[in-house]
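Q: What would the 3D arrangement of this be:
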Amino acid sequence: MKPPYDAAKLDRLMDEAGVDLILTNTQHNARYLTGGYFYHFHERFDAMGLGRYMALCGIPKGAPEHAFLIGERREAGQFEDQNLWIPELIVAERLPAVAAEAAAKAIKTRGLENCTIAVEMDFLPASSMAALSMPLPGARFAEARGIMEELRAIKTPAELDIFRQITLDDAEIIGEVFTTSPPGSTTRELARAIEGGMTDRGIHFLWVFTCAGKDMLRAPSAKVWEPGEICHLDAGGAFEGYLTDVCRMGVRGQPSSLANELFQACLTTQNKVREEVRAKATCSDLYNSGIKHLADTGHGDYGEFIIHGVGLVSHELPRFREDGDSKLEEGMVVSIETDIRHSEVGYVKIEDTVAVTNEGCEGLGDLGRESWYIVD
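A: This is a model prediction of the structure:
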């Protein structure tokens, strides 16, 4: 069965890194390499008894037919039902060290005990690293993060379809919560409504930053969204591991002239940067351009411009900073966000998600970005 990812690209990345086998242990990379699979029981928690569940996915370079997945015995039925391309599920106890010992045995069985193994060093528990390296004294260990980030960076048409749907859902939910919130609603109640809306649409709720009035607290609380106050809802969730991240603005009554000015400054910055996003655009140019566009509005001293990649991980590739020569590629997904914090108005913010194309970019979930949600 054919792997769901670009196998030739993975082989090339492993070859460039001098890696013979990649061994991942995070949920996001397990999902990516397996084609969306993860043991349903542990989708939202992994601690169990004295340890934790950890799915170790091992793929030898140039030999996907020898790939393996270390899992838990109760997931065998799900593994078979989903007809995974990975040929072998190896069951182990839900203890990181025991799972790693099983992985070491699988590596030996494949004759790779003296190879270079890429692991997720920032995520692999110390007990797992010890249990993996002790039986493999001839093995060398390298970092897998760069390989996996490059592999995930360009989204497939199927992945882009997921982003289109969940980002639109996110924007619609925010709009529904703004327009249906009764007088006297607290930001905690707004957050609960966001969570309920995501759950109703099959999205795993992850977070919502709420900020009402001139208070700069960006967390659900007992703060009431009062008449005359602005409010932003910056909400994120996940579907099959893929993330959505959208921020929209609401106001009870009519916004002040200054509030409108700040909103237009954010929107103008967003629009100008979006006009510059396209395949082959240099990431540093886009970052610096956003900073300049915000400064040109006259509100840069109390505002912030951020642009980052999004996928199975927030702030994954592509990355944007003041310098560097990395370029966008068609199929990358990018979050663009501009905020302005003003003591007389509050926290104004717009955040959009776009997909990079050769001609420019495709807005995903643009509903509600160009105006306030006016709430009586």
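Q: who does the lengthiest helix in the chain touch, helix- and strand-wise?
A: Counting by DSSP state H, the longest helix found in the chain is helix 157-180. The contact analysis (3 or more Cβ pairs under 8 Å, 6 or more residues apart in numbering; DSSP states H and E) places helix 157-180 against helix 187-200, strand 230-239, strand 242-252, strand 346-356, strand 361-364, strand 373-375. C-beta here means a position set from N, CA and C on the backbone, and glycine is covered the same way.
Q: Go through those and name the closest to Q78.
A: Closest approach to Q78 among these (Cβ to Cβ): strand 230-239, 18.2 Å.
Q: Among the helices and strands packed on helix 157-180, which comes closest to V333?
A: Closest of the helices and strands packed on helix 157-180 to V333 is strand 346-356, at 5.4 Å (criterion: Cβ to Cβ).
Q: What segments of the stretch 251-376 of the chain are strands?
A: With strands called from DSSP state E, counting those that start in this stretch, the stretch 251-376 of the chain shows them at 303-310, 314-316, 333-342, 346-356, 361-364, 373-375.
Q: Who are the contact partners of Y37?
A: Contact partners of Y37, counting by Cβ atoms under 8 Å, 6 or more residues apart in numbering, are 30-31, 78-79, 82, 84.
Q: Pick the one among the residues you listed closest to G175.
A: R31 (29.2 Å).
Q: show me the residues around the closest one that make contact.
A: 37-38, 240-241, 312 are the contacts of R31 under Cβ under 8 Å, 6+ apart.
Q: Tell me how far it lies from K280.
A: To K280, R31 is 29 Å away according to Cβ to Cβ, to the nearest Å.
Q: I'd guessed C115 sits against A139; true?
A: Yes - contact status for C115 versus A139: in contact at 6.2 Å, counting by Cβ atoms under 8 Å.
Q: Surely F38 is within a strand?
A: No - with DSSP: H, G, I helix; E, B strand; the rest coil as the criterion, F38 is assigned coil and is not in a strand.
Q: To what extent is it buried, counted in neighbours?
A: Using other Cβ atoms under 10 Å, F38 is surrounded by 19 other residues.
Q: Test my guess that it contacts Q27.
A: Yes - counting by Cβ under 8 Å, F38 does reach Q27; the two are 5.6 Å apart.
Q: Now the common contact residues for the two.
A: 55, 241.
Q: domain assignment for the chain?
A: 7-152, 157-375 (automatic domain parsing).
Q: can I get those domains in JSON lines with distance to M1 and mean pLDDT?
A: Formatted as JSON lines, the domains of the chain follow (distance: least, Cβ to Cβ, whole Å; pLDDT from 0 to 100):
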{"stretch": "domain 7-152", "distance to M1": "4", "mean pLDDT": "96"}
{"stretch": "domain 157-375", "distance to M1": "17", "mean pLDDT": "97"}
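Q: if we can go back for a sec, switch the helices and strands packed on helix 157-180 over to CSV; also include distance to E143 and mean neighbour count.
A: Compiled in CSV, the helices and strands packed on helix 157-180 are given as follows (distance: least, Cβ to Cβ, whole Å; neighbours: other Cβ atoms under 10 Å):
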stretch, distance to E143, mean neighbour count
helix 187-200, 34, 19
strand 230-239, 25, 24
strand 242-252, 23, 26
strand 346-356, 26, 25
strand 361-364, 31, 20
strand 373-375, 44, 17
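Q: Can you measure across stretch 78-98, start residue to end residue?
A: End-to-end distance for stretch 78-98, by Cα to Cα, to the nearest Å: 21 Å.
Q: ditto for stretch 223-237
A: OK, stretch 223-237 end separation, Cα to Cα: 23 Å.
Q: Also stretch 311-329?
A: Note: stretch 311-329 ends 14 Å apart using Cα to Cα.
Q: And it, what's buried?
A: For stretch 311-329, burial by neighbour count (16 or more other Cβ atoms under 10 Å) applies to 311-313, 316-318, 320, 327-328.
Q: before we move on, what about stretch 270-279?
A: In terms of neighbour count (16+ other Cβ under 10 Å), stretch 270-279 has its buried residues at 270-274, 277-279.
Q: Identify all contacting residues around that stretch.
A: Outside of stretch 270-279, the residues within contact range by Cβ under 8 Å, 6+ apart are 285-286, 289-290, 293, 305, 307, 327-330, 334, 336, 338, 350, 352, 354, 356-361, 363, 369.
Q: C-alpha coordinates for that stretch, CSV please?
A: C-alpha atoms of stretch 270-279 as CSV (Å, rounded to 0.1, in the frame of the first residue of the first chain):
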residue,chain,number,x,y,z
GLN,A,270,-3.7,42.7,6.6
ASN,A,271,-4.8,43.6,3.1
LYS,A,272,-1.5,45.0,2.0
VAL,A,273,0.4,42.0,3.2
ARG,A,274,-2.0,39.6,1.6
GLU,A,275,-1.5,41.4,-1.7
GLU,A,276,2.2,40.5,-1.5
VAL,A,277,1.8,36.8,-0.5
ARG,A,278,2.5,34.4,-3.3
ALA,A,279,4.8,31.5,-4.2
